[in-house]
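1. return a 3D structure for these sequence lines:
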Amino acid sequence: MDVTDLLLLVAISFLAGAIHGAGGFGFGLVSIGLYSLIMGVTEAVLVAIALTMITSVGILWKSLNLVNWRLAAPVFVSAMVARIAVFPIAHHYGGSDAMRFCLGVFLGIFGLRLLWQTFKRTPRPVRPIGPVAAAGVGLLAGLTGGIFGIAGPWYSLFFLNRGLDGPSYRANLQLAFVGPNAVTLLLHSGAGDVTRAVLAAIAAGAIFAWLGSRTGVFITGRLMPVQIERLACCIVLVAGGSLVFRAIM
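-> Residues are numbered from 1 along each chain as shown. Here you go, the predicted model:
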């Protein structure tokens, strides 16, 4: 990684951390497509989920008492099971152009969907949901999180629709990130995917991701959440388009 790539890495880490700190999720959604422009998809996913854990632990540490364990446990456990199930796909095909193309398309669809939602806001009713349905959400999040490193939108929709207030929503969301991401990192470490280059990228981006998350928490009350979400969606769309272009050229 040359100096230009290093500067891009720390800038992306800070930006993604700020969005994560402001909105409670979004680090992977914003960073993975951009990281993938300077490294392989597998490496980008590993760096992103490691840095997501850093930002999540920092937020969760101060709000662990707000976690609704009965609500979060089925999501948390099933997401970790799904991470284990999809690991062979991520391990064997994560560095391919096909995976780069799939990630780009995935980001494009997700970005457009989330951007559309910012213009179609309606009050969110509190909907009853059983542990089986909650586990289904966790499996879906584990699937996309294990392959693409992106699970936040599923968690966010689930916890928002449970009627949690802001601090409790944020605490439950961070818990859902920490465990499954730890499982993915351990699996890839055992398979030799966590190389020195990946560790160097994590070390370089860690402080800037943390600073970004602190900045995001600070500016939450100064920017409208919808402005933050729209910025994140635009970044995701640009990254997704770039990945598709690189994969087919």
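2. so how far is S189 from the most centrally placed residue in the chain?
-> Central residue of the chain (Cα atoms, centre = their mean): G28, 3.0 Å from the mean position. Using Cβ to Cβ, to the nearest Å, G28 is found at 18 Å from S189. Yep, even glycine has a C-beta here, placed from its N, CA and C like the rest.
3. neighbours around L243, how many?
-> Look at L243: counted by other Cβ atoms under 10 Å, it has 28 neighbours.
4. return the residues in contact with it.
-> Taking Cβ atoms under 8 Å, 6 or more residues apart in numbering, we find L243 in contact with G33, S36, L37, R100, F101, L103, G104, L107.
5. ok, now L175?
-> Neighbours of L175 in contact, by Cβ under 8 Å, 6+ apart: L60, V67, A72, F76.
6. wait, the third one touches Y169, no?
-> Spelled out, that is A72. No. Counting by Cβ atoms under 8 Å, A72 sits too far from Y169 to count as a contact (10.9 Å).
7. settle it for me: which of those two has more neighbours?
-> More neighbours surround A72 than the other of A72 and Y169, with 22 against 19 (other Cβ under 10 Å).
8. quick check: closest non-adjacent residue to that one.
-> Of all residues not flanking A72 in the chain, N172 sits nearest, at 4.9 Å (Cβ to Cβ, 6 or more residues apart in numbering).
9. what's near enough to touch the one you found?
-> Contact analysis of N172 by Cβ under 8 Å, 6+ apart lists L66, V67, N68, L71, A72, F159, L164.
10. distance check, the third one against R230.
-> When distances are taken as Cβ to Cβ, N68 and R230 turn out to be 29 Å apart.
11. with the second one instead?
-> Relative to R230, V67 is positioned 29 Å away (Cβ to Cβ).
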